[in-house]
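S.K.: give me a 3D structure for the following:
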Amino acid sequence: MKTDPEVEGLRKRMTHIKQVLQQRDLKLTHQRLEIFNEVAKSGDHPDAETIYRSVRQRLPTVSLDTVYRTLWLLLDLGLISTVGPSRERVHFDGNTQPHHHFVCTKCGKIYDFYSRELDKIEVPEAIQALGQGEKINVEVRGLCHQCLKNKSES
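M.R.: Numbering: from 1, shown residues only. Model (predicted):
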């Protein structure tokens, strides 16, 4: 029986968070699971407020503070990552597999894309003067198909 790759990926992420929390002797709370699930199932890299609004539909007592604290914990544990410059609203990414991002400069949507060519990029030697580079994520900015379509119609 074939399974949907997205469903299988989400299942693996949910299993992984449970293992990591258990290994670190951290409580596996319903709120943590719901917040992680919201990030992990989303392909559009939600910000904390979006995650909060969505989780609150299922858990009316969850606070925005709890969402933020949980997101930063998940980030520290390597279970999620952030996308975009820190001075803007931070967007969270539940996909920790090597991938890159396309950011629409008009609507702000963020899309994952995979590229073997970009995965081969090595941290340049010039980085050694600044510190120790650990990974490279490429962010391509431009107009998404929907914004291009809207632009051509106006």
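
S.K.: so what's residue 153 up against?
M.R.: Residues near residue 153 by C-beta atoms under 8 Å, 6 or more residues apart in numbering: none. Yep, even glycine has a C-beta here, placed from its N, CA and C like the rest.

S.K.: quick check: it vs residue 145, distance?
M.R.: 13 Å (C-beta to C-beta, to the nearest Å).

S.K.: what's the answer for residue 121, then?
M.R.: 26 Å.

S.K.: who touches the longest helix anywhere in the chain?
M.R.: Longest helix in the chain, counting residues (DSSP state H): helix 5-23. Helix 5-23 is touched from outside by 27-28, 32-33, 36-37, 40-41, 74, 77-79, 94-96, with contacts defined as C-beta under 8 Å, 6+ apart.

S.K.: any buried residues in that helix, and which?
M.R.: 9, 13, 17, 21 (16 or more other C-beta atoms under 10 Å).

S.K.: next SSE downstream of the helix or strand where residue 34 lies?
M.R.: Assigned by DSSP states H and E, residue 34 belongs to helix 30-41. Downstream of helix 30-41, the first helix or strand assigned by DSSP H and E is helix 48-58.

S.K.: what subset of the contacts of helix 5-23 is buried?
M.R.: 32-33, 36-37, 40, 74, 79, 94-95.

S.K.: bridging residues for the residue nearest the centre of the chain?
M.R.: Residue closest to the average C-alpha location in the chain (C-alpha atoms, centre = their mean): residue 93, at 0.2 Å. Note on residue 93: beta-bridge partners by DSSP bridges are residue 81.

S.K.: what's the first-to-last distance across stretch 93-103?
M.R.: Distance between the two ends of stretch 93-103: 13 Å, counting by C-alpha to C-alpha, to the nearest Å.

S.K.: ugh, wrong one, I meant stretch 116-130
M.R.: Note: stretch 116-130 ends 27 Å apart using C-alpha to C-alpha.

S.K.: what comes up buried for that stretch?
M.R.: Under 16+ other C-beta under 10 Å, stretch 116-130 has no buried positions.

S.K.: cool, thanks, talk later.
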